[in-house]
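> Provided below for reference: sequence and predicted model.
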Amino acid sequence: AEASTELGRLIIEVSSLNRKYVDIHVQLPKELLLFEIDIRSWVLEKITRGQISLHYTLYPESLVPDVAVLKKLKEGWEELAKKLGKDTKEISLSFLYLEMQRVCQPDIPKGMKALLKKYTQQALQDLLSMKVKEGELLQKDIKKRLLKIKEWVSLIEKETPEALQQLRKQMETKISRLFPDLSDNEDRVFREIAMYAERLDIDEEITRFSSHYEQLLSLLKGTEGVVGRKIDFILQELMRESNTIGSKCQNTLVSKIVVDIKVELEKIREQIQNIE
């Protein structure tokens, strides 16, 4: 944002980087340092996540210093130099200009705070507009990845019953081969096999995964305002269910699918860091 003030032309630049929480950095010329706390409060009214950097630059309307002030400074320093037995030629124009900047603080014009707030909010609004455009692109990318994940989960659901049945048959065959004389305890052994197969069942994990998935889709609609941290938490839950499915289901195809799901979830998690 750009504004014309009594102190000169003011340029306000605002940029944002992804961060888990809000982190505000403000660079101000000395004339505006007293407004730093106000600026931070104006940022917090609009933004709740990210590293926000604000850079304020003042360009004086007149680039030539006040000659009368420089003359007074020159006379004063020359008199001091004579008293100290120093050469007055050492008092250069550049030295006087630096002294002028040090001792001559301009008065803050009335209404400067209101003007600063107006143009700071304008710059922040432009930033938010850009964030919305970026968010729309991120939303499309995440939904595309979630669609892949949904297809893979459906494939796991189809594959799991058959995989469990195969596992049960394999165990029964091995036990029959190793212990041919199990006629007395055969029912008990096969009940244990059935119970073991049930412990490997992933229906509960699939149900929870689907529930988290629907929550994530709902948040991506953008109707709840600030959703970044919520989505981050749901992704952690989806990753946890994926790990459980992978550890419980002893099937090569399912294991491969779970790896693919985890890769896509990690890619989504990286993008979520950019979302407020």
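Okay, I see it. Note that the coordinates shown come from a computational prediction; the quantities given were computed from them, not determined experimentally.
> can we go C-alpha only for contacts and neighbour counts from here?
Fine.
> now do the contacts for residue 109.
Counting by CA atoms under 8 Å, 6 or more residues apart in numbering, residue 109 makes contact with 6, 7.
> you'd agree it is in a helix?
No - according to DSSP: H, G, I helix; E, B strand; the rest coil, residue 109 belongs to no helix; its state is coil.
> just the pLDDT for it.
The model reports residue 109 with a pLDDT of 75.
> what are the ranges of the helices in the stretch 1-150 of the chain?
Here the stretch 1-150 of the chain has its helices, by DSSP state H, counting those that start in this stretch, at 36-46, 67-83, 93-103, 112-178.
> against which helices or strands is the last one packed?
It refers to helix 112-178. Judged by 3 or more CA pairs under 8 Å, 6 or more residues apart in numbering; DSSP states H and E, the packing partners of helix 112-178 are strand 2-5, strand 8-17, helix 36-46, helix 186-199, helix 203-219, helix 252-272.
> how about the ones you listed, which one is nearest residue 123?
With CA to CA, the closest approach to residue 123 among the helices and strands packed on helix 112-178 belongs to strand 8-17: 6.5 Å.
> partners of that closest one in the sheet?
Partners of strand 8-17 in the sheet, by DSSP bridges, are strand 2-5 (antiparallel), strand 50-59 (antiparallel).
> as JSON lines, those with mean neighbour count would be great.
Converted to JSON lines, the strands paired with strand 8-17 look like this (neighbours: other CA atoms under 10 Å):
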{"stretch": "strand 2-5", "mean neighbour count": "15"}
{"stretch": "strand 50-59", "mean neighbour count": "18"}
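> residue 24 is nearest to which of those?
strand 50-59 (4.8 Å).
> let me know which of the helices and strands packed on helix 112-178 is the nearest to residue 136.
Of the helices and strands packed on helix 112-178, nearest to residue 136 by CA to CA is helix 252-272, at 12.1 Å.
> just the angle between the closest one and helix 112-178, please?
Note on geometry: by axes from the mean of the first three to the mean of the last three CA atoms, to 10 degrees, helix 252-272 and helix 112-178 are set 170 degrees apart in direction.
> in helix 252-272, what counts as buried?
For helix 252-272, the buried set under the neighbour-count rule, 16 or more other CA atoms under 10 Å, comprises 254, 255, 257, 258, 261, 262, 264, 265, 268, 269, 271, 272.
> equivalent analysis for stretch 210-218, please.
Buried positions in stretch 210-218, judged by neighbour count with 16+ other CA under 10 Å: 210, 212, 213, 216.
> again, but for stretch 132-151
For stretch 132-151, the neighbour count (16+ other CA under 10 Å) marks 135, 138, 139, 142, 145, 146, 149 as buried.
> reformat those as JSON lines; add pLDDT and distance to residue 12.
Compiled in JSON lines, the buried residues of stretch 132-151 are given as follows (pLDDT from 0 to 100; distance: CA to CA, whole Å):
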{"residue": "135", "pLDDT": "88", "distance to residue 12": "24"}
{"residue": "138", "pLDDT": "91", "distance to residue 12": "27"}
{"residue": "139", "pLDDT": "91", "distance to residue 12": "30"}
{"residue": "142", "pLDDT": "93", "distance to residue 12": "33"}
{"residue": "145", "pLDDT": "94", "distance to residue 12": "38"}
{"residue": "146", "pLDDT": "94", "distance to residue 12": "39"}
{"residue": "149", "pLDDT": "94", "distance to residue 12": "43"}
